[in-house]
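Asker: structural data only, the sequence is not supplied:
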Ligand SMILES: Nc1ncnc2c1ncn2[C@@H]1O[C@H](COP(=O)(O)OP(=O)(O)OP(=O)(O)O)[C@@H](O)[C@H]1O
Ligand SMILES: [Mg+2]
């Protein structure tokens, strides 16, 4: 590392080190979000909700039995109940105490796809119609919304037919809890926020102070300056993610299932994507309010849409097709795949390439329009 | 640094810079020779900063040419940056860095060993503050730090934009002494200022600027000599109506006379004759003079005669 770069990095770190309150707001905030959300699990805006229901078949290879089941009156009536209920629920606005569910739609699935949908957050509860005519609910009881869904569905079913037995099965094994989905998403969100606000503000502040132009009339190379900003921010992001991860690990036993190196490369790719974006956003303005607005307008939609706090699959399809390609969505989804499902490096290659390309293009565009004075 | 006084080091040729509807610099040309200290003297908005920043390569002129050692800002940037020492009208450094850390950072930019830090601290007389955070420095100390940074690379050309504005007279003097002591090394300097005393004290050549144009330039003595045969007469009247009345009468015969509020300035080769006449006129017109001075010309007088306003307004 050359001397200029090293000095630039030291100077910036020192500013944080010597102003602990700045450091607190940089690092403390995401942890506050994680703890509040992690502990309460409850903050989620109202959304449409899908419930998977499974009609259990007693023995997959016994046709005889199957026929027998189909003649079983109780099951038949329950199945009918389900269909009726599904129809009934479809366009219904409901008011649950938590006001967190707007509409429930029922979808019939087989066990495998129901579990897959559950893991990816598309559904939060599975209702299984047992062979003996009873119901089984599978969800994470710590997820307040799933709990509400359960209570509500169960009430409706008992209003219709009081003799249906039901049973709750906890689906809270590691990896399928809300917190397991939340933490990788929060790490992704942390990279975005830390980079956009951190780099964006630093650049705008340097420009306002005219420190930027003071440096640029020396033979300092611009690339060293930009690299130093990016490296300092990377360092802070790593500390931030580390603290968040330790917190999640200690309090919620969240673990990284995937390979650490894969995670690290993804982290770097995310950092590059958002560094590029922040340099473009901060490339011209020398007004903090404009900077504020620009950063907000970019971060807010991603904050809400990218599936960090709740799944984006309940949005209309046309929106999902856009949301999927937001950098935060890509980063959060891939982060989750690495965290929860041990995704291999090869399998996330596209995401990494996408993020890096995105970052580099914006970086170049940002530098082209950059106002140094 | 080899001293070869007299060789042009900065050449400004017909430079124009326009901001939307504001002509900030209007067809300005001048030359600065190696070893010369030059003052750009003018009131707020005269275009001083714009010129200096065009020389620094920060602002691009709309037309005209700027040559530094015969080179331009297209292609020779790194070399030019290495021979310039710059201090802006206003810069804030990293708040939580100390004085010597700040200097050290800039040493790295110029690829100079950090041994230079102590030398410069000595030069700008700021050694006792070397471990203070920049945010805790006084205005004068900050200004000294800014000059210190400008001096780090031992520049051939110093470009200082209002280095003493806002400082108390003592701090101003201290900076003058620092700058004066740097003079004997063949170094050139452009200094912008509102203060004539500063220009007189530090610079052998003075450019007087007003509304984007250079009104006069030359050595101080030349400037004054060209206009100072005889003396300056300053007549203050009781009220503005009287002033206007008298001004109208005088300006018929002397178009160079100037009116500023209740005071009329004019230059006369024969003050005694003029005074005799003027006293006659005032009596006749029933105009009351509250103050009257006759003195030799100063730079401020020169400025008022040329621009119709005080430097400090
Ligand atoms: N970025 C800009 N946009 C529009 N107008 C500008 C800009 N910078 C300067 N000006 C205008 O150009 C003129 C010259 O400004 P300049 O800063 O060069 O004056 P100055 O002589 O340095 O004044 P001061 O003594 O107040 O520093 C002023 O009228 C100013 O309003
Ligand atoms: Mg100025």
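Answerer: Happy to help now that I have it. From a predicted model like this one, the values you see are computed outputs, not experimental measurements. Numbering: from 1, shown residues only, chains lettered A, B, ... in the order given. Ligands and ions are numbered 1, 2, ... in the order given.

Asker: any weak-confidence spans in chain B?
Answerer: Counting by pLDDT under 70, chain B shows low-confidence ranges at B:1-5, B:227-229, B:307-313.

Asker: where's residue B:198, which helix or strand?
Answerer: Residue B:198 is part of helix B:196-202 when elements are defined by DSSP states H and E.

Asker: that helix - contacts with which helices or strands?
Answerer: In this structure, helix B:196-202 packs against strand B:37-41, helix B:169-181, strand B:188-193, helix B:299-307, with contacts taken as 3 or more CB pairs under 8 Å, 6 or more residues apart in numbering or on different chains; DSSP states H and E. Where you see a C-beta, it was placed from the backbone N, CA and C, and this is true even at glycine.

Asker: need the contact partners of it.
Answerer: Contacting residues not belonging to helix B:196-202 are listed as B:37, B:39, B:41, B:164, B:172, B:176, B:179-180, B:189, B:191, B:193, B:206, B:220, B:298-300, B:303, B:311 [CB atoms under 8 Å, 6 or more residues apart in numbering or on different chains].

Asker: what's the burial count for the closest residue to residue A:288 other than its chain neighbours?
Answerer: Distance criterion CB to CB, 6 or more residues apart in numbering or on different chains; nearest residue to residue A:288, sequence neighbours excluded, is residue A:204 at 6.0 Å. Other residues near residue A:204 number 24, with proximity taken as other CB atoms under 10 Å in any protein chain shown.

Asker: quick one: pLDDT of the closest residue to ligand 1 within the stretch 251-373 of chain A?
Answerer: Sorted by distance to ligand 1 under CB to the nearest ligand atom, the residues of the stretch 251-373 of chain A start with residue A:373, at 9.5 Å. Each residue has a pLDDT score; the one for residue A:373 is 77.

Asker: could you look up the SS state of it?
Answerer: coil (DSSP: H, G, I helix; E, B strand; the rest coil).

Asker: the helix holding residue B:198 near ligand 1 at all?
Answerer: No - between helix B:196-202 and ligand 1, judged by CB under 6 Å from any ligand atom, nothing touches; the nearest distance is 12.8 Å.

Asker: list the buried ones in that helix?
Answerer: When burial is assessed from 16 or more other CB atoms under 10 Å in any protein chain shown, helix B:196-202 yields the following buried residues: B:196, B:198-202.

Asker: nearest to residue A:192, of those residues?
Answerer: Ranking the buried residues of helix B:196-202 by separation from residue A:192, with CB to CB as the measure, puts residue B:198 on top at 51.2 Å.

Asker: quick one: that closest one from ligand 1, how far?
Answerer: Using CB to the nearest ligand atom, to the nearest Å, one obtains 13 Å as the distance from residue B:198 to ligand 1.

Asker: and what of residue B:107?
Answerer: Applying CB to the nearest ligand atom to residue B:107 and ligand 1 gives a distance of 29 Å.

Asker: make a markdown table from the helices and strands packed on helix B:196-202 and add mean neighbour count to it.
Answerer: Compiled in a markdown table, the helices and strands packed on helix B:196-202 are given as follows (neighbours: other CB atoms under 10 Å in any protein chain shown):
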| stretch | mean neighbour count |
| --- | --- |
| strand B:37-41 | 25 |
| helix B:169-181 | 16 |
| strand B:188-193 | 24 |
| helix B:299-307 | 21 |
